[in-house]
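Sequence and predicted model, in that order:
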Amino acid sequence: MSDNWNTRTKLVHGGSRRSQYNEVSEAIFLTQGFVYDNAEQAEARFVETGPDEFIYARYGNPTVDMFEKRIAALEGAEDAFATASGMAAVNGALTSVLKAGDHVVSARALFGSCLYILENILARYGVEVTFVDGTDLEQWRAAVRPDTKAVFFESMSNPTLEVIDIAAVAEIAHAVGALVIVDNVFSTPVFSRAIEQGADVVVYSATKHIDGQGRVLGGVVLGTKDFIRGTLEPYMKHTGGSLSPFNAWVLLKGLETISLRVNAQADSALKIAEALEGHPALARTIYPGLPGHAQNALVQTQLGGKGGTVLSLDLKGGKEAAFRFLNAMTIPVISNNLGDAKSIATHPATTTHQRLSDELKAELGITPGLVRLSVGLEDAADLIADLTQALEAAQG
Ligand SMILES: *Cc1c(COP(=O)(O)O)cnc(C)c1O
């Protein structure tokens with residue numbers, strides 16, 4: 001693989017390794033273990049494992065290794081460790097570096113399970129967490145302290161799609177020596193260059209756009225070789241959150257098409273947002289690619305002008321109107337994944353964010369009328385026609 005390759009070439013060929021059969025499509029090495037030629041070789045491998053050597057699939061596996069190398073090439077990261085799910089990646093990135101007495105600053109608008117780790121689990125182990133409004137740099141400045149070990153945020157928040165300035169938060173965090181950990185799912189590895197912008201560690205739920213067809217769970221943590229092999233790998237390989245070789249193969253194949261898919265999905269999302277904005281049934285149309293979005297200028301510099309594959313629609317008439325809208329759709333399915341080839345509609349207040357208090361929901365803008373739409377690969381005109389008739393049905 002050449003470092004000079006552009007994104008789409010890296011996505012097709014990055015990390016490939018061929019067996020003695022010279023297969024075209026990458027092989028699935030569905031094995032947990034590896035045979036040694038003799039006892040001396042086994043001993044040597046446990047002392048030091050070479051780049052083409054494996055011991056046990058919880059530590060590493062050739063198919064998983066191909067996935068790690070390919071996503072690292074895309075992200076421009078020195079190294080990567082693949083995990084069983086996005087949450088195993090988030091948990092590993094945080095708990096492999098933190099210890100009792102440490103301080104963390106985190107954005108408040110988080111995926112439910114991320115919030116659970118930061119609010120409940122870390123507290124049990126004596127880690128103090130300060131929550132801030134991630135878009136307000138003054139709050140980040142006020143919250144960091146000399147003992148702040150890490151900062152954590154989703155670069156584009158779910159479901160209200162606020163975009164956080166990675167470079168600006170990284171500068172504030174680095175001034176006190178804190179590690180910058182970014183959950184980059186909504187920004188996607190295609191539109192975002194989080195490491196270039198100052199992130200030290202980037203995590204993805206590969207379940208979303210990397211698979212992109214709703215088949216498997218997976219995740220990945222990216223960073224320097226030092227961090228991945230020195231800090232994260234010992235934690236992950238001994239606590240069991242490693243990715244299955246079969247899932248790694250599905251995700252490796254997903255990477256081959258991710259650029260085409262997310263670009264098509266983002267183009268459709270923009271068309272839909274433009275078509276529906278100002279519809280009388282809507283109180284708000286939230287899409288970072290719209291010029292009226294509060295962080296649209298940041299979308300130009302941080303995401304190459306792409307607003308992502310998800311938009312959120314706030315219906316007038318609250319939950320009843322939102323439910324009528326969801327039930328009248330004929331193309332998007334009602335579910336809770338995102339980044340899928342199929343458009344997926346979600347009512348966050350009653351599903352993914354149900355557990356949050358009413359105060360926190362209100363603070364985060366998760367209103368009863370809010371519907372999140374992950375835009376799929378269907379024809380944009382079909383989606384616009386379907387959503388328009390569903391909005392009319394929602395008005396009752
Ligand atoms: C889905 C998601 C996760 C968790 O990923 P899983 O693969 O479901 O474990 C974490 N963060 C964000 C932003 C997500 O969307």
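Arrived safely, thanks for sending.

can you give me the helices in the stretch 101-250 of the chain?
112-116, 122-124, 137-143, 166-175, 188-191, 225, 233-239, 245-276 (DSSP state H, counting those that start in this stretch).

And for the residue of the chain found nearest the ligand, the neighbour number?
Scanning the chain for the residue nearest the ligand gives Gly86, at 2.2 Å (criterion: C-beta to the nearest ligand atom). For every residue, glycine as well, the C-beta is placed using N, CA and C. By the measure other C-beta atoms under 10 Å, the count of residues near Gly86 is 24.

Lys149: what's it in contact with?
Going by C-beta atoms under 8 Å, 6 or more residues apart in numbering, Lys149 touches Val97, Leu98, Asp102, His103, Val104, Ala178, Leu179.

Could you export those as CSV, including pLDDT, distance to Leu222 and neighbour count?
Formatted as CSV, the contacts of Lys149 follow (pLDDT from 0 to 100; distance: C-beta to C-beta, whole Å; neighbours: other C-beta atoms under 10 Å):
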residue, pLDDT, distance to Leu222, neighbour count
Val97, 97, 14, 19
Leu98, 98, 19, 19
Asp102, 97, 22, 18
His103, 98, 24, 20
Val104, 98, 19, 23
Ala178, 98, 18, 25
Leu179, 98, 13, 22
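
Sort out for me which of the residues you listed are in strands.
Taking DSSP state E, the ones among the contacts of Lys149 that sit in strands are His103, Val104, Leu179.

re the thing from before, could I get the contacts of Lys149 in TSV, plus columns for distance to the ligand?
Shown next, in TSV, are these (distance: C-beta to the nearest ligand atom, whole Å):
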residue	distance to the ligand
Val97	18
Leu98	18
Asp102	22
His103	22
Val104	16
Ala178	20
Leu179	18
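
Can you give the distance of stretch 359-377 from its chain's centre?
18 Å (C-alpha atoms, centre = their mean, to the nearest Å).

And for stretch 206-214?
10 Å.

same deal with stretch 67-86?
The answer for stretch 67-86 is 12 Å, by C-alpha atoms, centre = their mean.

Equivalent analysis for stretch 79-92, please.
11 Å.

can you dump the C-alpha coordinates of that stretch into PDB?
These are the backbone C-alpha positions of stretch 79-92, laid out as PDB (Å, rounded to 0.1, in the frame of the first residue of the first chain):
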ATOM      1  CA  ASP A  79      -2.700   2.400  14.200                       C
ATOM      2  CA  ALA A  80      -6.100   1.000  15.100                       C
ATOM      3  CA  PHE A  81      -7.600  -1.700  17.300                       C
ATOM      4  CA  ALA A  82     -10.900  -3.300  16.300                       C
ATOM      5  CA  THR A  83     -13.600  -3.900  18.900                       C
ATOM      6  CA  ALA A  84     -16.700  -6.000  19.300                       C
ATOM      7  CA  SER A  85     -19.000  -3.000  19.100                       C
ATOM      8  CA  GLY A  86     -18.900   0.800  19.200                       C
ATOM      9  CA  MET A  87     -19.500   0.800  22.900                       C
ATOM     10  CA  ALA A  88     -16.500  -1.600  23.500                       C
ATOM     11  CA  ALA A  89     -14.500   1.100  21.600                       C
ATOM     12  CA  VAL A  90     -15.700   4.000  23.700                       C
ATOM     13  CA  ASN A  91     -15.300   2.100  26.900                       C
ATOM     14  CA  GLY A  92     -11.800   0.900  26.000                       C
END
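
May I see the buried residues of that stretch?
The neighbour-count criterion (16 or more other C-beta atoms under 10 Å) identifies 79-92 as the buried residues of stretch 79-92.

For Lys225, state which of those is nearest.
Closest approach to Lys225 among the buried residues of stretch 79-92 (C-beta to C-beta): Asp79, at 4.6 Å.

contacting residues for the closest one?
Glu68, Ala72, Leu222, Gly223, Thr224, Lys225, Phe227, Ile228, Arg229.

List the ones among the residues you listed that fall in strands.
Leu222, Gly223.

Okay, helices next: where are they in the stretch 251-396 of the chain?
296-302, 318-328, 358-364, 380-394.

Lowest average confidence across these, which one?
Lowest mean pLDDT within those: helix 358-364, at a mean of 91.

So what sits opposite Val105 in the bridge?
Thr130, Val151 (DSSP bridges).

Give me the number of neighbouring residues for it.
Neighbour tally, Val105, other C-beta under 10 Å: 27.

do the same with Asp382
13.

what are the phi and psi values for the closest residue to it other than its chain neighbours?
Using C-beta to C-beta, 6 or more residues apart in numbering and skipping the chain neighbours, the partner closest in space to Asp382 is Ile331 (6.2 Å). Backbone torsions of Ile331, given as degrees, to the nearest 10, read phi -100, psi -60.
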